[in-house]
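In: only the shape, not the letters, is given here:
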């Protein structure tokens with residue numbers, strides 16, 4: 001499996017040295033949307049205002065630092081209106097380190113993000129990687145909800161009300177959490193407001 005691709009011989013050698021560190025965490029467990037919500041320390045709606053890839057101090061790994069302007073905190077607490085999250089991989093100059101299944105929030109992107117923790121860095125700070133990454137886009141003048149892969153989110157279903165708790169799934173992720181239905185038709189996408197209200201109701205149910 002070729003996960004790291006660089007643009008010079010020296011950087012290829014470097015990538016081979018760090019490949020076991022980057023590639024060992026690319027098998028992501030399938031989660032239910034309830035698990036995504038329960039596993040998040042912070043859930044917020046916001047917009048990407050800055051993205052910068054930088055070497056670590058030893059020049060052995062690249063990390064991409066993404067800054068969000070936070071519009072609304074749905075779960076948890078944040079001290080500031082801007083939040084910087086670190087994602088593994090990225091490109092500095094002609095050196096590129098790739099992490100399989102990594103999707104970086106893009107500059108100018110608006111979305112709802114489920115952050116696993118803030119006390120220490122992770123390969124991907126979002127719960128379940130793309131499972132905790134939703135985009136907000138305008139459709140006919142209204143903000144609608146999409147997955148990280150740009151599929152329209154059409155329905156959500158919580159297990160919490162039925163079981164009192166969410167059961168873990170022992171399969172690998174296909175990119176979107178269980179309990180989320182999607183469509184290629186953008187006009188079928190849910191309104192962002194309805195999604196946020198769903199999450200707030202889920203928080204109150206706890």
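Out: Perfect, thanks for sending it. It should be emphasised that the depicted structure is a prediction, and the values quoted were computed from it without experimental measurement.

In: when you work out contacts or count neighbours from here on, use the C-alpha atoms and nothing else.
Out: OK.

In: mind listing the helices for this protein?
Out: For the chain, the helices defined by DSSP state H cover 9-23, 33-38, 160-163, 192-205.

In: can you give the contact residues for the last one?
Out: So that's helix 192-205. Applying CA atoms under 8 Å, 6 or more residues apart in numbering, the external contacts of helix 192-205 come out as 37, 74-75, 136, 143-145, 161.

In: could you identify the buried members of those residues?
Out: 37, 74-75, 136, 143-145 (16 or more other CA atoms under 10 Å).

In: which of the residues you listed fall within strands?
Out: Under the assignment DSSP state E, these contribute 74-75, 136, 143-145 to strands.

In: which of the buried ones among the contacts of helix 192-205 lies closest to residue 90?
Out: The closest of these to residue 90 turns out to be residue 136 (CA to CA; 23.6 Å).

In: number of residues surrounding residue 119?
Out: Residue 119 has 7 neighbouring residues, counting by other CA atoms under 10 Å.

In: ok, now which ones touch residue 29?
Out: With CA under 8 Å, 6+ apart, residue 29 has these contacts: 128, 169-173.

In: which among those residues count as buried?
Out: Neighbour-count burial (16+ other CA under 10 Å) applied to those gives 128, 173.
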